[in-house]
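J.: Sequence isn't available, so here's the structure alone:
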């Protein structure tokens, strides 16, 4: 007998395999989930910016009217932390005046938390009063 280990073979290796593979799969799942959250936040910000630009592009509105409307949409969709930096300007696109709404928001790295002003979203709409 050599140290009493004869005949054991692979006993107990399934537990170790499960622990190692389970940890890697958990990290992979968390990464994919976080990527999905980041894509969702970006898509919602783009949608809110575009809706705010459409609102301000109406003939009876000014570009500055987009800021409170866009902030309200972002707060309803994602929360107040994402609605802090919203700006609205006008731009010229091939001779046509457009309303541009720009949102700077945190990039969600850990759940919905992350560095401020890391994610940018812009919405455009042609001004109706031309």
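T.: Yep, it's here. Worth saying up front: this structure is predicted, and the values here are computed from it rather than measured.

J.: element containing the residue most central in space within the chain, please.
T.: In the chain, the C-alpha nearest the mean C-alpha coordinate belongs to residue 41, at 2.6 Å (C-alpha atoms, centre = their mean). Take DSSP states H and E as the rule and residue 41 turns out to sit in helix 13-56.

J.: In terms of secondary structure, what does that helix contact?
T.: Packing contacts for helix 13-56, counted by 3 or more C-beta pairs under 8 Å, 6 or more residues apart in numbering; DSSP states H and E, involve helix 66-77, strand 85-93, strand 96-105, strand 119-126. For glycine as for every other residue, the C-beta is placed from the backbone atoms N, C-alpha and C.

J.: Who are the contact partners of the residue nearest to the centre of the chain?
T.: By C-beta atoms under 8 Å, 6 or more residues apart in numbering, the contact set of residue 41 is 78, 82, 105, 108, 112, 119.

J.: Can you tell me the closest non-neighbouring residue to the fifth one?
T.: Going back to what we said before, that points to residue 112. Distances taken as C-beta to C-beta, 6 or more residues apart in numbering put residue 37 closest to residue 112, at 6.9 Å, once the chain neighbours are dropped.

J.: Now do the contacts for that neighbour.
T.: 108, 111-112.

J.: Could you do residue 65 as well?
T.: Per C-beta under 8 Å, 6+ apart, neighbours of residue 65: 55-56, 88.

J.: Tell me how far it lies from residue 85.
T.: Per C-beta to C-beta, to the nearest Å, residue 65 is found 18 Å from residue 85.

J.: And residue 42, by the same measure?
T.: Relative to residue 85, and taking C-beta to C-beta, residue 42 is found at 15 Å.

J.: Same check on residue 123?
T.: 14 Å.

J.: Good, we can wrap up now.
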